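Undergrad: Quick one, structure for this:
(chains A and B)
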There are 2 protein chains.
Amino acid sequence: MAHIHAEAKPVSRAQLTKAMGSSRGKVLTEVARLIEAGLLAEEGLAESEGGRPSTLIGIPRSAGLLVAVDIGATSINAALTTLGSKILAYRAESADVRFGPQPTLGRVKALVAELLEEQGASREDILAVGVGVPGPVEQATGLLTVPPIMPGWDRFPIRDVLVKEFAAPVFVDNDVNIMALGEHWGGVAKGVDDVIFLKIGTGIGSGIIIRGRIHRGIQGCAGDLGHVTVDPDGPTCTCGNRGCLEAMAAAPAMVRQAERCAREGESVILAEMLGEEGELTTRDIGEAARRGDNCALDVIRRSGRLVGQTLASVVSVLNPSLIVVGGGVSHIGNALLAEIRGAVYQRSLPLATRNLPVVMSELDDVAGVVGASVMAAEGALKVPS
Amino acid sequence: MAHIHAEAKPVSRAQLTKAMGSSRGKVLTEVARLIEAGLLAEEGLAESEGGRPSTLIGIPRSAGLLVAVDIGATSINAALTTLGSKILAYRAESADVRFGPQPTLGRVKALVAELLEEQGASREDILAVGVGVPGPVEQATGLLTVPPIMPGWDRFPIRDVLVKEFAAPVFVDNDVNIMALGEHWGGVAKGVDDVIFLKIGTGIGSGIIIRGRIHRGIQGCAGDLGHVTVDPDGPTCTCGNRGCLEAMAAAPAMVRQAERCAREGESVILAEMLGEEGELTTRDIGEAARRGDNCALDVIRRSGRLVGQTLASVVSVLNPSLIVVGGGVSHIGNALLAEIRGAVYQRSLPLATRNLPVVMSELDDVAGVVGASVMAAEGALKVPS
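TA: The predicted structure follows:
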C-alpha cells in the first residue's frame, strides 16, 4: 500500500503497475480484488495523452475514514478524510490551547462527532487518528514535552485520551511537522526531498524535511526556530527567555507594533482600523500595507527581516531545495516573503541560495489536517518511516 | 561487506554472525574462505568477558589499500589505510590551496608515492582513493563548486586527475564532511546518529550527520556555517561578502586581534610571543590564555561566542544529540568550548540543549584521513549510501 498511498492522487492501472514493479496481469487481478473489497474504486478518467484515456483508481471512502486534527495555539481544525487523505468534511474554529488539554480535546471530540454525523458515518469507520499540537512531541510516547505555549499540557496523555474516544490508533506530532508533511505530500513541496516549512502565526516554528522525511531530532523539538534568541535584551517570551524570534516577530509582536503606530498617530489607516475593530490583526496590517501604509510595511519588513536572518544560518547548514512559508501571518503575502527572501539571500552562502525558492504554502489552512491525515494513514498502514 | 566495514574495528566471529543475521555455520565457512583469500585475517584476542576470549577478525593489508587525503586550506594530510580504515602510514605537511589545483595535487601524488614506498606497496595495491577538499563538492560530478577560499579550483576535475594517477576509483567530498564521517565512524561520535561536527581553523565549516549519514544538501554545500553573515558591517570575507562568521571568528581573525593586542601594549605575554616568533598563531593565543592573559581570553571568548550564537539556530532546528568541535583552533580547548557551549545553551530552545554535549574531536588531526578512508571504502565496496 505504501506506493499507492505515496501517490496520493488517483492513479491509472498502468501507473500502478510501474510503481509496484509487478507484472501487469498481477496488478490487474489485485486491483479487481481490492475494488470488490471496497478498498479501491474507479474515480474518473485520466487526462488523455493522445490515446484512449485511462481509468483512474483511488482509495474510496468505503476503505475507511481517517480523523485529522490540527490543534494550533488559537485554533482547532478537524477533518474526516479517506485513507488516501482526500478531505471529505472539514471544520475550523477558534480555540485557546492555554485553557488546557481537557477543554481542547473536548472540542476535538465534539467537532469529530459533528463531522461523522455530517458524513453519515460512525466511530467504527475510523481507521486511525492523526493529531498535530503546537509544541514538541516525544515520538516514542506521543507526549508533549515542556511545550512553551501550552501550560498544563506537559506530558498529558493525548494519545490515550483519544484512543479511548475513537477506539483507533492515534498518532501525535508537532503542528508544524504535520503542516510540512501535508505540504510535502500534496502541496507546493510535493516531490521535493529537502524542504524547510516555516510557520509564522501566533508562534514561529519550522518543519524540516530531509531526504523526504520529517526530521524530528533527539528530543522531538527539531525545527523550533521560534525560540532562538534574536536579541538578548528583547521582550520576554512565553518560554521565559528574552528576545526569542517568536517574541520579536510573530503575530502578537506585529500587532503590538501596529497598534502602537495607530495610537501614536503615525498611521491614519491603522488608527481607523483600530477605531473600528477595537484591536488589530495581521490581516489588517497586510491590508494597510497593500494600501500603502508605511507603518504597516515597516512592521512587516522588520518581522520578515528577523525571520530571514534567523533562517539564514539554517539555510547555510541544510542547503535545502525549497522554503515554504505558511501560518496565519503568511497571508500578508509578497511584502513579507520578499523581506524573508532578502534577508536569507543576503546572509547565507550565495551557492546555497542560488536556486532557492521561498514560496507561500499551497495547502494554506488545510496543510495541517492534510499532514495529520497522511501521518494517520502511514501509521495505520505501518509504512516504515 | 557493509556490516563488516561499518563495524570498523576487528570483531569476533560471534559478533559477525549477529551482525550478518546468518547462521553461525555459514559465517564460519565464509570467514575461513575470506581468510584464505587474504581478505580477512585473525587479529589477536577480544577482551575476555569471563570465558575463553574470542579471536578477533579484521580486514588485513592483503585485502588491498586505500589512499586517504585531507586537503585543508593550509595543509595536506595523506594516509594509506587498510580496507578497514586502519591507518598504516601517514604524512602531514603545510600547503596553500590558493596556489591552485596542479601544485596541490602534485604534492598529493608525491606524498602518496612516499607512503607507498614506505609500506613496500605499489599503485596496484590501491583499491580506492578518498579526498577531502575545503569547499563545496557537487556529489554527482565530484567537482568543487565556487569554493570561496580556493581560487582556480572551481569545477576542476580532481577526480579525473587522480583516477589517471592511481588507476582506482576516486571519491571527493568537502573536508569537513569527511572529518565528520571519520569522527562518526571511529571517534567520539561513533554510534551517534544526529551530530554536528564543527571545524574551526583557517575557515569555519560543519559536517552534518542526520540519521547516521552525511547531509550534503542540494548543491553539496550543506554545513557551510562559515559564510553566515554575523555583522553586515563587519570585515570583508574571502567570499566577497562582509561580516561572515569565518571572517569574524576563524583563526586569521583571532590572530589579527591578538597581534593588535600585542602591538598596542595590552598584553605583555602576547607581545613577547610576537617578538620572538614574528607572528602569532592560535596555539600562542591558547597558551597565553592558559597563562592567564586577559587579551588572549577575550579573543577566544569573542570567537567562541560568535560561533555559538550562529550555531544556536542550527541546534534549535536540528535538535542534534552531539556537537563535536575540531580543526586547528579547537586545540585551544576548554576556554573555547565553554564559550561555544554557553552561547548555544543561552540562545537555543532549552529542551534542545538539555542533554547536548559539546565536546572536542577525538580523532583530531586524523579525523579527515580516517573519514576519507571510510568514504573510499564505502565507495569501493558500493555500500549504498
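Undergrad: I'd like the distance from the lengthiest helix in chain A to the chain centre, please.
TA: Residue-count comparison of every helix in chain A, with assignments taken from DSSP state H, identifies helix A:294-318 as the longest. Between the centre of helix A:294-318 and the centre of its chain there are 20 Å (CA atoms, centre = their mean, to the nearest Å).
Undergrad: got the angle for that helix vs helix B:294-318?
TA: Between the axes of helix A:294-318 and helix B:294-318, defined by axes from the mean of the first three to the mean of the last three CA atoms, to 10 degrees, the angle is 90 degrees.
Undergrad: Quick one: name whatever helix or strand follows helix A:294-318.
TA: Note on helix A:294-318: by DSSP states H and E, the next helix or strand toward the C-terminus is strand A:322-326.
Undergrad: at contact distance from chain B, anything in that following strand?
TA: No. Contact between strand A:322-326 and chain B, assessed by CB under 8 Å from any CB of the partner chain, is absent, since the two come no nearer than 8.9 Å. The way it works is simple: take the backbone N, C-alpha and C, and place the C-beta from them, glycine included.
Undergrad: Please identify the buried residues of that strand?
TA: A:322-326 (16 or more other CB atoms under 10 Å in any protein chain shown).
Undergrad: One more: stretch A:75-92?
TA: Residues A:75-86, A:89-92 are the ones in stretch A:75-92 that count as buried (16+ other CB under 10 Å).
Undergrad: Same question for stretch A:139-148.
TA: Of the residues in stretch A:139-148, A:139, A:142-148 count as buried by neighbour count, 16+ other CB under 10 Å.
Undergrad: Check the residues you listed one by one and keep those near chain B.
TA: Taking CB under 8 Å from any CB, the overlap between the buried residues of stretch A:139-148 and the neighbourhood of chain B is A:145-146.
Undergrad: Any chance of TSV for the buried residues of stretch A:139-148, columns distance to B:V67?
TA: Written out in TSV, the entries for the buried residues of stretch A:139-148 read as follows (distance: CB to CB, whole Å):
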residue	distance to B:V67
A:Q139	41
A:G142	49
A:L143	50
A:L144	51
A:T145	47
A:V146	49
A:P147	51
A:P148	51
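Undergrad: Looking at the buried residues of stretch A:139-148, which are in strands?
TA: Secondary structure assignment (DSSP state E) places A:143-144 from these within strands.
Undergrad: And the buried residues of stretch A:139-148, which is closest to chain B?
TA: When those are compared for distance to chain B (CB to the nearest CB), A:V146 wins out at 5.4 Å.
Undergrad: Show the model's pLDDT score for the closest one.
TA: The predicted local confidence for A:V146 comes out at a pLDDT of 78.
Undergrad: is it true that it touches B:L351?
TA: Yes. Using CB atoms under 8 Å, A:V146 and B:L351 qualify as a contacting pair, with a distance of 5.4 Å.
Undergrad: Within reach of chain B, which of the buried residues of stretch A:75-92 are there?
TA: When contact is defined as CB under 8 Å from any CB, the buried residues of stretch A:75-92 do not meet chain B at all.
Undergrad: quick check: angle from the longest helix of chain A to strand A:322-326?
TA: Taking the same axes, to 10 degrees, one finds that helix A:294-318 is oriented at 140 degrees with respect to strand A:322-326.
Undergrad: pLDDT (mean, whole number) over helix A:294-318?
TA: Rounded to a whole number, the mean pLDDT of helix A:294-318 is 95.
Undergrad: ok, now stretch A:268-277?
TA: Summarised as a single mean, pLDDT over stretch A:268-277 is 95.
Undergrad: what residues does the stretch 51-200 of chain A put near chain B?
TA: Checking the stretch 51-200 of chain A against chain B by CB under 8 Å from any CB, the hits are A:136, A:145-146, A:194.
Undergrad: switch the cut-off to 6 Å
TA: For the stretch 51-200 of chain A, the residues in contact with chain B under the definition CB under 6 Å from any CB of the partner chain are A:136, A:146, A:194.
Undergrad: what's the closest non-adjacent residue to the last one?
TA: Across the structure, with CB to CB, 6 or more residues apart in numbering or on different chains as the measure, the residue nearest A:D194 apart from its sequence neighbours is A:P320 (4.5 Å).
Undergrad: Need phi/psi at the one you found.
TA: Listed backbone geometry of A:P320 is phi -80, psi 170, with angles given as degrees, to the nearest 10.
Undergrad: Return the helix or strand in chain A with minimum mean pLDDT.
TA: When the helices and strands of chain A are compared on mean pLDDT, DSSP states H and E, helix A:2-7 comes out lowest with a mean of 40.
Undergrad: Got the domain ranges for chain A?
TA: When chain A is parsed with automatic domain parsing, its domains come out as A:2-61, A:64-183+A:366-380, A:190-361.
Undergrad: what's stretch A:357-366 in contact with?
TA: Stretch A:357-366 has contacts (CB atoms under 6 Å, 6 or more residues apart in numbering or on different chains) with A:182-183, A:187-188, A:322-326, A:330, A:337, A:340-341, A:367, A:370.
Undergrad: Could I get the buried residue list for it?
TA: Under the neighbour-count criterion of 16+ other CB under 10 Å, stretch A:357-366 has A:358-366 buried.
Undergrad: Give me the below-cutoff pLDDT ranges for chain A.
TA: Low-confidence segments of chain A, defined by pLDDT under 70, are located at A:1-8, A:383-385.
Undergrad: what's the closest non-adjacent residue to A:W185?
TA: Distances taken as CB to CB, 6+ apart put A:V374 closest to A:W185, at 4.7 Å, once the chain neighbours are dropped.
Undergrad: hang on, that neighbour in a helix?
TA: Yes. A:V374 sits within a helix when classified using DSSP: H, G, I helix; E, B strand; the rest coil.
Undergrad: just checking, it touches A:M179?
TA: No. In this structure, A:V374 sits apart from A:M179 without contact. The criterion is CB atoms under 6 Å, and the distance is 10.9 Å.
Undergrad: Pick out whichever of the two has more residues nearby.
TA: A:M179 (34 against 26; other CB atoms under 10 Å in any protein chain shown).
Undergrad: mind listing what the more buried one touches?
TA: Contacts of A:M179 (CB under 6 Å, 6+ apart): A:197, A:199, A:207, A:326, A:367-368, A:371.
Undergrad: can you put the residues you listed in a markdown table and add secondary structure?
TA: Converted to a markdown table, these look like this (three-state DSSP):
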| residue | secondary structure |
| --- | --- |
| A:F197 | strand |
| A:K199 | strand |
| A:G207 | strand |
| A:G326 | strand |
| A:A367 | helix |
| A:G368 | helix |
| A:G371 | helix |
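Undergrad: Out of the residues you listed, which is nearest to chain B?
TA: Among the contacts of A:M179, A:G207 lies closest to chain B (CB to the nearest CB), at 10.3 Å.
Undergrad: What separation do you get for the closest one and B:P235?
TA: Between A:G207 and B:P235 the distance, using CB to CB, to the nearest Å, works out to 36 Å.
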